[in-house]
Each structure stands twice: as structure tokens, then as C-alpha cells.
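**Q** Test case, fold it:
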Amino acid sequence: MQGPWEERDGVLRYRTRGGVEIYRLPMRLFPELDGYVYLILTDSHRILVDAGSGLPESWEDLQRGLEIVRARYGCRVDLPSLTAIVITHGHIDHFGGLTFVRQQSPAPVFAHELDRRVLVNYPERLITVAQELRHFLSQAGVSPERQAALLNLYLSMKTMFQSTSVEGLLGDGELLFGILRVHHTPGHCPGQVCIQVDEVLLTSDHILAHTTPHQAPERITRYTGLGHYLESLRRVAAIPGIALAFGGHEDPILDPYGRIAAIEAFHHQRLERVLEICQEPRTIVEISRALFGRQYGYGVLLALLEAGAHVEYLYDRGYLQVANLDQLEKEPEVPIRYRRL
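**A** Alright, predicted model coming up:
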């Protein structure tokens, strides 16, 4: 993809109007997921934005990316010389690499307070979310055997991380180090932040170039959910002067405001589709199948959560009702069926 940047050996460099250099370092996060971390350089700062997943391939890619910055761009930077590490949100493909990075870097870690607990008490996070997820799957209409399999999938790639300290908190509107403007954008994750550097916005997983970032119901984790996400999209759309956006995955975004409008329109179309599906009483399992067809592996869980987020949005706003209320009163564990009002 061509744009107002240069790229050498896969590492992209962009220099902002204020003279800040932003480097995009590619990495394999999981076997079927690629993404990026970012290095922000000024005369006095060496800031790493996100740290990868913690898988060996991710760690090797980070080291390789830093070597390219040194060898091909002539910048003397390595992990020990970092002045700060900024975590954009509490999903393991963005913070899991801290386990490795902190072995070589004494730099302080910054995160939003709503994701602080994920980093500093990770085992608690896994247990509490697994409990909420199990309850959601039960009410969605997933069989007990399938619930166990999906929970195992959820936990399978998340046990490598060890809790770590967070030295600084990212506040909405804060100008960190005089160069990074923090925008709190909950929805995809409670503590999701976008980082503005002059005319550039690092959107992490809040805005992506091609896919619509994954949503999950707020009933599982507070400050997630489609309502928060759409509100955050509108807040970013109101930020003036953003000429270019870089996400945590996929291509750069040359028209950030147009991309925001497209994502918002997509979700409203999906909401209308859910209402069509719910002309007759439907469980979330049935809604998920109607929306996404047959899924496999981790895709099953992602589809259920995405469907659940849209159902929750419509139910909370009075567009859906529980169709089997009498049955639920007698059998609290029975799957909930939703019908359009």
C-alpha cells in the first residue's frame, strides 16, 4: 500500500508535521493473527506502544523490527533505551509481550485505569471473565459440553502472561510527555485508548482499515459493549485535524473520518438484521448462525459474542423483549429467546 510514509524491510516510518518519528513494526501475534507495535521517537523519548502477544514468534519479530530500525533507518534504539511503554488496551495480543520486554527494559508501563487490573492481577481477570462468559453461553443456548470446549479455547492462549506492575495511568485528554494526546475510547475493551501524535492517530483496535473491530456484551465486562463503542466512534469523529490513522492490525487508514462513518453504518445495518431475525423468538445461538453461518474453532465464540453485543444493545434500548419470560421464571437456566417489539 502506497502512502505518505517510507517502508524498509517491512518496517514503516512516518514523520509527523511536528517532527515526531513513528515506526510500525510488524509481528505474528497468534498463528492466524498478525499485527503491529509502534515505536515513537523524539530527541528525548523512546516510546514503545504495545508489546505483542508474548508468543516466541511475536518476541522474535519485535527484536527483528528494532534491528531494522537500527540498521536500515540508522536510529540507535533498543529495549534498554526505551523511556516508556504504553499499552493501548487490555487484550493479550497487545500486552502479552510485556513478560519478555520487561526482562530487558526498565521503562515504566502506562495503561488506562480500566485495564490496569488486567495487567496487575491477571489470574483474577481470567477467572472472573470465564465465570461471566460461562453464564452468557448458557443463556445464549450453548450446550454444557460446547460451553466447556469454548471456555478451553478462550483460555488456551492466555496462560503465558505473568502479572506485572503499571507505573502510570493514561487519562482521557492528557498530553503524555508533551507529545502523546490520549483519547479514551471504551467499547472494544474497557481501557481502550487511541493515541494522537500531531496529525496521526494510533487507533489500536478501535478503528481498523478493513474489518469492524470485535464487540462483546457489556454484561461480561463493564465498559465494553456496542453502546460504548459507537459513542467512542463519535468522539473520535469529533477530533479535528486527523489526516492518517494506524491500527493495531491491517493497513493504514488514509481517510479516518470516512472509515468511522463506514463502521458506524455497518453496525446499524447489523442491528436492523438482528431485528429481522427476531421477528420470531430466537436464542443468541440462533441469531449468531443467521448472521454468520457455520463457524469453526475460536470463530464460534467470536460470532456468539458479536451477536450477543448487538442483541444487548437492542434489548437495553427497548427494541427486543424476552419471549419466554414465564419459562425463565420457572427454569432460570433455560436459554433466553428474544423477539422484536
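**Q** how many other residues sit next to I239?
**A** Residues contacting I239 under the criterion other Cβ atoms under 10 Å number 14. The way it works is simple: take the backbone N, C-alpha and C, and place the C-beta from them, glycine included.
**Q** quick thing: my sequence starts at 808, can you match it?
**A** Understood, numbering begins at 808; the last thing we discussed is I1046.
**Q** For it, grab phi and psi.
**A** Dihedral pair for I1046: phi -80, psi 120, per degrees, to the nearest 10.
**Q** Contact partners for it?
**A** By Cβ atoms under 8 Å, 6 or more residues apart in numbering, the residues touching I1046 are 990, 1003, 1008.
**Q** how about 10 Å then?
**A** Taking Cβ atoms under 10 Å, 6 or more residues apart in numbering as the contact definition, I1046 lies against 988, 990, 1001, 1003, 1008, 1063-1064.
**Q** hang on, P811 packs against Y821?
**A** Yes - the pair P811 / Y821 is scored as a contact, 7.0 Å apart, by Cβ atoms under 10 Å.
**Q** Comparing these two, which residue is more hemmed in?
**A** Counted by other Cβ under 10 Å, P811 and Y821 do not tie: Y821 has more neighbours, with 21 against 10.
**Q** Just the buried positions in the one helix or strand that one maps to, please.
**A** Following DSSP states H and E, one finds Y821 within strand 818-822. By neighbour count on 16 or more other Cβ atoms under 10 Å, the buried set for strand 818-822 is 818-821.
**Q** Distance check, the residue nearest to V1007 when sequence neighbours are not counted against R1096.
**A** Residue nearest to V1007 in three dimensions, not counting chain neighbours: L1051, with 5.2 Å by Cβ to Cβ, 6 or more residues apart in numbering. In this view, L1051 and R1096 are 39 Å apart by Cβ to Cβ, to the nearest Å.
**Q** that older thread, identify the contacts common to P811 and Y821.
**A** Joint contacts of P811 and Y821 (Cβ under 10 Å, 6+ apart) are 1051, 1059.
**Q** For M964, report the pLDDT, please.
**A** The model reports M964 with a pLDDT of 69.
**Q** so who does the residue positioned nearest the centre of the chain touch?
**A** With distances taken as Cα atoms, centre = their mean, D1012 lies nearest the centre of the chain, 4.1 Å away. Neighbour list for D1012: 842, 857, 895-896, 898, 900-901, 992, 994-996, 999, 1001, 1018, 1020-1021, 1054-1056 [criterion: Cβ under 10 Å, 6+ apart].
**Q** separation between it and L840?
**A** 11 Å.
**Q** Check the contact lists of the two and give me the overlap.
**A** Shared contacts of D1012 and L840, counting by Cβ under 10 Å, 6+ apart, come down to 900, 1056.
**Q** can you map out the strands along the stretch 908-1057 of the chain?
**A** 916-918, 975-976, 982-983, 987-991, 1000-1004, 1007-1011, 1051-1054 (DSSP state E, counting those that start in this stretch).
**Q** I would like a ChimeraX command selecting only the buried ones among the contacts of I1046, please.
**A** Buried residues among the contacts of I1046 (16+ other Cβ under 10 Å), as a ChimeraX selection:
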select :988,990,1001,1003,1008,1063
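**Q** Need the strands of the stretch 908-1057 of the chain in a markdown table (columns: mean pLDDT).
**A** Below are those laid out as a markdown table (pLDDT from 0 to 100):
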| stretch | mean pLDDT |
| --- | --- |
| strand 916-918 | 98 |
| strand 975-976 | 98 |
| strand 982-983 | 98 |
| strand 987-991 | 98 |
| strand 1000-1004 | 98 |
| strand 1007-1011 | 98 |
| strand 1051-1054 | 98 |
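**Q** among those, which is nearest A1130?
**A** Across the strands of the stretch 908-1057 of the chain, A1130 has its closest neighbour in strand 987-991 (36.9 Å, Cβ to Cβ).
**Q** The closest one - which strands sit beside it in the sheet, and in what orientation?
**A** Using DSSP bridges, the strands paired with strand 987-991 are strand 982-983 (antiparallel), strand 1000-1004 (antiparallel).
**Q** So which of these is the most surrounded?
**A** Highest mean neighbour count of the strands paired with strand 987-991: strand 1000-1004, a mean of 25 (counted as mean count of other Cβ atoms under 10 Å).
**Q** and the angle from that strand to strand 818-822?
**A** On the basis of axes from the mean of the first three to the mean of the last three Cα atoms, to 10 degrees, strand 1000-1004 is oriented at 60 degrees to strand 818-822.
**Q** And strand 1000-1004, how far out from the chain middle?
**A** 14 Å (Cα atoms, centre = their mean, to the nearest Å).
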